[in-house]
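J.: Structure for this input, please:
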Amino acid sequence: MFNIGGGEILGLAVIGLILMGPDRMPSIAADAARYLHKLKNLAQNATNELKSNLGPGYEDLQVKDLNPRTFIKKTIGDVMDKTEEKPAPKIDPDIL
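T.: As a prediction, the model looks like this:
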């Protein structure tokens, strides 16, 4: 998600130890984990509320679908799929 490797995490941990001290690091890490968990729950609740407010047809809505380009492509694609199901009318070549 953030494209952070092991070396960067280790570097951040060393900087955190220097700035905060080894005594406060466990409590700071626990607080950060709690805030991340709350943020994840908040985002999930917002997504669920958006799905319920949009109504039927949007039960499979994903957060990445909220990008306007993706949303339009998905919506137009659904419409195009429905129109392609109808058989094309056959034209008699003798009439032309």
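
J.: which residue is nearest the middle of this protein?
T.: Nearest residue to the geometric centre of the chain (C-alpha atoms, centre = their mean): Val63, 3.3 Å.

J.: From Ala46, how far off is Leu36?
T.: 16 Å (C-beta to C-beta, to the nearest Å). Using the backbone N, CA and C atoms, a C-beta is placed for each residue, glycine as well.

J.: Also Leu66?
T.: From Leu66 across to Ala46, the span is 11 Å (C-beta to C-beta).

J.: can you check Phe71 too?
T.: 16 Å.

J.: Also Asn3?
T.: Taking C-beta to C-beta, one finds Asn3 at 24 Å from Ala46.

J.: Neighbour count for those two, which is higher?
T.: Ala46 (11 against 5; other C-beta atoms under 10 Å).

J.: List the residues that contact the more buried one.
T.: The contact partners of Ala46, by C-beta atoms under 8 Å, 6 or more residues apart in numbering, come to none.
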